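Undergrad: Sequence and predicted structure, then a few things I'm wondering about:
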Amino acid sequence: MRTFNSMKEFKAYADEISKTYKYGFTISEYNEDFSIDVDGHVRLHEQNLTELPIKFNIVTRNFVCHYNQLTSLKGCPKYVGENFCCNNNQLTSLKGCPVHVSYFECSNNQLTSLKGCPKIIRGNWRIEDKYKSYPEYQKYLLVKKIEAL
């Protein structure tokens, strides 16, 4: 991921990135840690990305980075208001995942564990059956049972 020497340099790069991809996105905040907030969707799917082009902090709607060649979730937002989809990449780890999502899909990767998965998943978690016995997924199921009471 690119590094910056000044906020001015970062803002110029962020503005360029926000218009580069097929669907674009609107930056609502430039943060001191050189991350951005987006009030809306971020759609970076099917762009043949090997890494995210910029560091995200908050995305209020969907964050979709599936069907790329990502090997890491470095730069993913901490909070996603709706769906987070990182399926069909080359991920071996969920390190860097958002802490909070509404729906989570991470299937069709090369995951060696589920460590780093979101702490809060408000809706469904879509993943292959082979991972459903892992402790992180079992914890998710337990929370869903408690919420249903």
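TA: Structure received.
Undergrad: and the gap between Phe10 and Ser18?
TA: As judged by Cβ to Cβ, to the nearest Å, Phe10 and Ser18 stand 12 Å apart. For glycine as for every other residue, the C-beta is placed from the backbone atoms N, C-alpha and C.
Undergrad: Overlap in contacts, the two.
TA: Common neighbours of Phe10 and Ser18, using Cβ atoms under 8 Å, 6 or more residues apart in numbering, do not exist here.
Undergrad: Looking at those two, which is more packed in?
TA: Neighbour tally, Phe10 and Ser18, criterion other Cβ atoms under 10 Å: the higher count belongs to Phe10, 22 against 17.
Undergrad: Specify the local secondary structure of that one.
TA: In three-state terms, and counting by DSSP: H, G, I helix; E, B strand; the rest coil, Phe10 is helix.
Undergrad: confidence score at it?
TA: We have a pLDDT of 98 for Phe10.
Undergrad: close enough to count as contact, it and Phe34?
TA: Yes. Using Cβ atoms under 8 Å as the test, Phe10 is close enough to Phe34 to be in contact (4.9 Å).
Undergrad: Quick check: neighbours shared by the two?
TA: With Cβ under 8 Å, 6+ apart as the test, Phe10 and Phe34 both reach Phe4.
Undergrad: ranges for the strands of this protein?
TA: Along the chain, the stretches classed as strands by DSSP state E are 27-30, 35-38, 42-43, 55-59, 63-64, 79-80, 83-85, 100-101, 103-105, 120-121, 125-126.
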